[in-house]
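Asks: Give me coordinates for this.
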Amino acid sequence: MPLQYNCLTDYNTWVIMRTVTSKNTPRWQVVYYRDRQGRHPVREFLDSLSATDRAKVRNALRLLREFGVLLQMPHARPVSGHRRLWELRAGAIRLFYFAHTGQQFIILHAFRKKSQRIPAQEIAIAERRMTEILEEEQ
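Replies: Alright, predicted model coming up:
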């Protein structure tokens with residue numbers, strides 16, 4: 001049976017983006033934010049999701065690892081007005097991340113989006129965590 005594309009997103013993922021990346025290109029690493037007490041709030045949130053939502057997140061993270069900074073809409077987009085902060089889109093689940101040294105993405109925060117706009121407090125959490133990580137390195 002021939003491979004069928006369900007929508008333009010599948011076509012973009014499997015045809016167009018595969019030609020842009022090379023098999024020899026090293027994959028990006030995804031690291032989850034860890035607070036000063038050693039907890040992983042993003043992982044805790046993801047563990048609380050339904051199996052369907054976890055599968056969507058796993059697929060989005062797989063795309064992020066594979067395509068790195070080349071990953072764009074509809075999967076990822078920069079958060080407007082916030083330098084270095086990106087949004088990974090996995091259905092209604094949103095993950096904020098930034099690119100870090102050594103081909104590494106740090107997932108800062110995750111939440112379930114319930115409205116058109118991203119709530120300011122969700123962005124503030126991600127910004128605070130990113131600032132904390134960058135300050136600890138100096």
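
Asks: Can you give me the distance of the closest residue to Lys114 other than its chain neighbours to Arg65?
Replies: Sequence neighbours aside, Ala92 is the residue nearest to Lys114 in space, at 7.6 Å (criterion: CB to CB, 6 or more residues apart in numbering). C-beta coordinates here come from the backbone N, C-alpha and C atoms, glycine included. To Arg65, Ala92 is 22 Å away according to CB to CB, to the nearest Å.

Asks: more crowded one of the two?
Replies: Between Ala92 and Arg65, Arg65 has the larger neighbour count (other CB atoms under 10 Å), namely 15 against 11.

Asks: Next up, the contacts around the more buried one.
Replies: Shown in contact with Arg65 (CB atoms under 8 Å, 6 or more residues apart in numbering): Arg27, Trp28, Gln29, Val30.

Asks: so what's the residue nearest to the spatial centre of the chain bridging to?
Replies: With distances taken as CA atoms, centre = their mean, Leu88 lies nearest the centre of the chain, 3.5 Å away. Note on Leu88: beta-bridge partners Ala76, Leu95, judged by DSSP bridges.

Asks: Quick check: which element contains the spatially closest residue to Val30 that is not a sequence neighbour?
Replies: Leaving aside its sequence neighbours, Val30 sits nearest to Phe105 (CB to CB, 6+ apart; 5.2 Å). For Phe105, the element it lies in under DSSP states H and E is strand 104-112.

Asks: Walk me through which strands that strand pairs with, and which way each runs.
Replies: By DSSP bridges, strand 104-112 pairs with strand 29-32 (parallel), strand 93-100 (antiparallel).

Asks: Would you point to the one among those strands that's packed deepest?
Replies: strand 93-100 (a mean of 21; mean count of other CB atoms under 10 Å).

Asks: Quick check: mean pLDDT of that one?
Replies: Mean pLDDT, computed over strand 93-100, is 95.
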